[in-house]
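**Q** Curious how this folds, go ahead:
(chains A and B, ligands or ions: 2)
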Amino acid sequence: MSLVEIKNLKVHYPIRSGFWNRITDEVPAVDGISFNIEAGETYGLVGESGSGKSTTGKSVVGLEKVTSGQILYNGHDITRRNNRRKLDYNHDVQMIFQDSLSSLNPRKRIEDIIAEPLRNFEHLSKQDEKLRVLQLLDIVGLDADALYKYPHQFSGGQRQRIGVARAVATNPKLIIADEPVSALDLSVQAQVLNFMKKIQRDFGISYLFISHDLGVVRHMCTNLAIMNRGRLVEIGTCDDIYNHPLHIYTKRLLAAIPRTDVSQRAAHRASRLAVEEIYREQQDKYYDDNGRAYPLVAVSPTHQVALPPDIAQQLAHQESEADV
Amino acid sequence: MAENFNRNTNVSANDLARLSQEAEAEATPSSARIVWDEFKADKPAMVALVIVVGFILFVMIASLFINTPKMMQTNIMAYFDRPGTDGMWLGADSAGRSVAKQLIVGSRNSIGIAIGLTVISSTFGICWGLISGYFNGYIDWGMQRVYDFMMMLPMTMMIIVLVTIIPHYNAITLTLIFSIFYWEGTSRLIRSRTLAESEKDYVAASKTSGTSNFKIIFREIMPNISSLIIVDTTLSFAENIGVETGLSYLGFGLPTQTPSLGTMIANANDPNNITQYWWTWLPAALEIIILCLSISYIGQVIRRAADASQRQGAGD
Ligand SMILES: Nc1ncnc2c1ncn2[C@@H]1O[C@H](COP(=O)(O)OP(=O)(O)O)[C@@H](O)[C@H]1O
Ligand SMILES: [Mg+2]
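**A** Ligands and ions are numbered 1, 2, ... in the order given. The predicted structure is shown next:
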């Protein structure tokens, strides 16, 4: 059994209006997605902004009210608040937020911020609690000085470390990392990613790693799901997605990865334009009449793509021939 | 599980005392300290603070030594005494009652009502706004309809009607009646800030950390809007002095035998008094102006202290 199984998850935001506050419309932020996260792995969730990644992540930690579908954690459906409370769910599942500044209460000292989950879930003595906070600071590479400071006294990278320390405080099984490095400089990004990997090894944590950039995810993830307008368009292993992408949306995301080698710039530009051209011409082949992605079909045991079955087989065939 | 952490770091129980001490040395000043520094850096604000605190203490204590019923007795011999005669520093009014003593007792009554009104209506308005803004759904919708209903009522008229139909009322019932109508402004202000604050990720982080809604509202969100709360409370205190004063001036505030700043200013209703017997109303009017100005000045300083970029005192 997987650690987390997401089954046909839907989150539709109601749009209310008028004096009686009736629901007049809906935004289908997440529109029927399914995937599984295994214990100890990093699962990547990638898509452009607005595709519903954060909403998915928030549903998995229990911050979002789910419209329909199931999220099974060790076999328990945690979309219901009662079940989450019974399991002490957030003791095991934590979140790292994209905006490190907004995710730390500006009025609280670092000690109180990191100790918050400990106070609610572990009930340690004052001494043990302070020791644990100091250990956590040490693990994320911050000095003990930080204890009584406020969030605004740190740089973005340091703040994100504090966010990680808080998430790891209760030694959770799964951490939802919602674009944890998108707001950081490139050099700092690598640092933060590296110690996130180190913590994963040391503590045996699974990550649901959310990003809009396939380049960032490449070195983190074993399995990936590509999300587009609230639907999954492709699921596969790292190799499936990076080396054998089938859906045009995945190809676009791959073409959009920023490159650093200047000599190849013209070539990259050409390939990006080519993908863009195909996208414009063949859009209706990849999406149904309402512009929604098709249901996923398997083209290999690990690889699924959202296409009508015949086209999926045909593309997979072409792909494997091109490979040989 | 604790072993898990011990295994991955060099920090052990032995270092605890030393590291805590190091951290203590680097700690940031508390917000009370920052506000105090701000007052020290701004002399006029300090003067305003001394005036307000000193004056309130003075009238509270001095009024204990004044026998109000005796003071309010008519003394025809002292009819419109000029300031300084018959041992009355500020003279006497048309009934020969000492203006100075009335000013002290009247200030105590007016300020007492203003403080009571501010405490009750601000506390209620703040809680209402916080809860309404945080829950943001049916609860918010219901609470906003109550708010709309209260706003629809003609406030001054309602108070006058209530004061007229309640047979025996005193300063306390009057304060409670005022309070029913003076929480709305605060609640709307607090609600709009709470709505914005609830969207921030630290609230989400507190939820995933297992903190209860009640604690999130009062321990996480409220400190973050504390500057707004303090400024709004000081300003509504200044405003509330005017509430009782205004109604007493119109004759619908405290009963006539209870002096207040409003009843004293009402002396100015008589054109004779305005020019000839100026001492009957001018001191009370000046007092209100000075108090209100000082209080709003203090409010500004606190707001500045809360907003790091505008501080004049030593930075952090
Ligand atoms: N609270 C909300 N109310 C209404 N619509 C929302 C809300 N939060 C997100 N959305 C909409 O849901 C969609 C998905 O948002 P989000 O999950 O934040 O995307 P991503 O994280 O991939 O950028 C967007 O179109 C966004 O406008
Ligand atoms: Mg997002």
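
**Q** Can you classify A:I114 by secondary structure?
**A** Classification of A:I114 using DSSP: H, G, I helix; E, B strand; the rest coil returns helix.

**Q** Could you check the pLDDT of it?
**A** With respect to pLDDT, A:I114 scores 96.

**Q** doesn't A:Q135 make contact with it?
**A** No. With contacts counted by Cβ atoms under 8 Å, A:I114 stays clear of A:Q135, the gap being 10.1 Å. Using the backbone N, CA and C atoms, a C-beta is placed for each residue, glycine as well.

**Q** Those two - which one has more neighbours?
**A** Taking other Cβ atoms under 10 Å in any protein chain shown, A:I114 and A:Q135 do not tie; A:I114 has more neighbours (29 against 21).

**Q** ok, now which ones touch the more buried one?
**A** Listed by Cβ atoms under 8 Å, 6 or more residues apart in numbering or on different chains, the contact set of A:I114 reads A:V133, A:L136, A:L137, A:I162, A:A165, A:R166, A:A169.

**Q** go on, A:S34?
**A** A:E5, A:I6, A:K7, A:N8, A:L9, A:L232, A:L296.

**Q** Then the fifth one would be within a strand, right?
**A** Yes. For A:L9, which was evaluated using three-state DSSP, the result is membership in a strand.

**Q** And the helices in the stretch 101-250 of chain B?
**A** Taking DSSP state H, counting those that start in this stretch as the criterion, the stretch 101-250 of chain B contains helices spanning B:138-152, B:155-165, B:171-181, B:184-198, B:201-208, B:213-215, B:222-224, B:226-250.

**Q** Of those helices, which is nearest A:D310?
**A** For these, the distance to A:D310 is smallest for helix B:201-208, at 43.6 Å, taking Cβ to Cβ.

**Q** Point out the other helices and strands that that closest one packs with.
**A** Secondary structure elements in contact with helix B:201-208, counted by 3 or more Cβ pairs under 8 Å, 6 or more residues apart in numbering or on different chains; DSSP states H and E, are strand A:93-96, helix A:110-121.

**Q** Give me the pLDDT value at the residue of the stretch 51-200 of chain B at minimum distance from ligand 1.
**A** Using Cβ to the nearest ligand atom, B:E199 is the residue of the stretch 51-200 of chain B that sits closest to ligand 1, at 8.4 Å. What the model reports as pLDDT for B:E199 is 92.

**Q** That one - how many residues pack around it?
**A** By the criterion of other Cβ under 10 Å, B:E199 has 11 neighbours.

**Q** any idea of the mean pLDDT for the longest helix seen in chain A?
**A** Within chain A, and with DSSP state H defining each element, the longest helix by residue count is helix A:265-286. Along helix A:265-286, the predicted local confidence has a mean pLDDT of 83.

**Q** Also stretch B:252-260?
**A** Throughout stretch B:252-260, pLDDT has a mean value of 80.

**Q** List the buried residues of it.
**A** When neighbours are counted by 16 or more other Cβ atoms under 10 Å in any protein chain shown, the buried residues of stretch B:252-260 are found to be B:F252, B:G253, B:L254, B:T258, B:P259, B:S260.

**Q** Against A:E281, how distant is the residue of the stretch 51-200 of chain B closest to ligand 1?
**A** Look at B:E199 and A:E281: by Cβ to Cβ, to the nearest Å, they are 40 Å apart.

**Q** A:R109 now?
**A** Going from A:R109 to A:E281 by Cβ to Cβ gives 57 Å.

**Q** In terms of neighbours, single out the busier of these two.
**A** Relative neighbour count places A:R109 above the other of A:R109 and A:E281, with 18 against 10, counting by other Cβ under 10 Å.

**Q** Buried subset of the contacts of A:S34 as a ChimeraX selection?
**A** Taking 16+ other Cβ under 10 Å as the burial criterion, the selection of buried members of the contacts of A:S34 in ChimeraX is written as:
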select /A:5,6,7,9,232,296
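
**Q** Save the contacts of A:S34 as a markdown table, and put in pLDDT and distance to A:D77 too.
**A** Supplementary listing: the contacts of A:S34 in a markdown table, determined by pLDDT from 0 to 100; distance: Cβ to Cβ, whole Å:
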| residue | pLDDT | distance to A:D77 |
| --- | --- | --- |
| A:E5 | 95 | 10 |
| A:I6 | 95 | 11 |
| A:K7 | 94 | 9 |
| A:N8 | 94 | 12 |
| A:L9 | 95 | 11 |
| A:L232 | 94 | 20 |
| A:L296 | 90 | 22 |
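
**Q** In contact with the residue nearest to the spatial centre of chain B: list those residues for me.
**A** Central residue check for chain B by Cα atoms, centre = their mean: the C-alpha nearest the mean position is that of B:F237, 3.2 Å away. By Cβ under 8 Å, 6+ apart, the contact list for B:F237 reads B:A114, B:I115, B:T118, B:I295.
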